[in-house]
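Got a sequence here, can you build the structure:
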Amino acid sequence: MKSATEYLWFETEKRREFLNITEKVRSVVRASGVAEGLVLVSAMHITAAVYVNDDERGLLEDISTWADRLAPPGDYHHHATGESNGDAHLKNLLLGHQVVLPVTKGDLDLGPWEQVFYAEFDGQRRKRVVVKVIGE
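Numbering: from 1, shown residues only. This next block holds a predicted model:
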């Protein structure tokens, strides 16, 4: 079995950003030499998320609004530690920490509208995502 690991680094300009990382993940898969297998894409920070969905501006705004409705900015018990990002931790739980995607014929095997996103909820500092490809 082959495997490859690469880290994608991000430092967002805003506290919240949604980045389409599909092509970066695809590049890691293609360079791995794995023809048939799986790729894990995982946020290595608990105030960010990785998810798969459509790259449509209105939908991205809807996702952001939905996340704020379920985990609104505000006062959280977590803030007693000196932090101010309690809502970012909860948004990670809502959107998901990681995704596992199929690799077929040496490439990502995504549906017609599927894109891989990195969602940052407590940005403006350097963070990373691990991309791990395994298979034959």
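
show me the residues around the residue positioned nearest the centre of the chain that make contact.
Nearest to the geometric centre of the chain sits Val50, at 2.0 Å (CA atoms, centre = their mean). Neighbour list for Val50: 41-43, 95-99, 116-119, 129 [criterion: CB atoms under 8 Å, 6 or more residues apart in numbering]. For glycine as for every other residue, the C-beta is placed from the backbone atoms N, C-alpha and C.

Repeat that for Tyr7.
44, 128-131.

and of the residues you listed, the nearest to Leu8?
For these, the minimum distance to Leu8 (CB to CB) is 4.5 Å, reached by Val129.

Next, the closest one: phi, psi?
phi -130, psi 140 (degrees, to the nearest 10).

Show me what it bridges to in the sheet.
Beta bridges link Val129 to Leu8, Ala43 when assigned by DSSP bridges.

Nearest to Leu108 among the contacts of Val50?
Val116 (7.9 Å).

what's the closest non-adjacent residue to that closest one?
The shortest distance from Val116 to any non-neighbouring residue, by CB to CB, 6 or more residues apart in numbering, is to Thr22 (4.6 Å).

now Asn85
Per CB to CB, 6+ apart, closest to Asn85 is Asp122, 4.3 Å.

In three-state terms, label that neighbour for me.
coil (DSSP: H, G, I helix; E, B strand; the rest coil).

which ones are touching it?
Contacts of Asp122 by CB under 8 Å, 6+ apart are 15, 45, 47-48, 85, 88.

again, but for Thr104
Per CB under 8 Å, 6+ apart, neighbours of Thr104: Glu36.

Would you mind stating the distance between it and Glu136?
Look at Thr104 and Glu136: by CB to CB, to the nearest Å, they are 12 Å apart.

which residues do those two both contact?
Glu36.

Show me what counts as buried in whichever helix in the chain runs longest.
For the chain, the helix with the greatest residue count under DSSP state H is helix 57-70. The neighbour-count check on helix 57-70 (16 or more other CB atoms under 10 Å) flags 60, 63-64, 67 as buried.

Repeat that for stretch 102-117.
103, 108, 110, 115-117.

Noted, bye for now.
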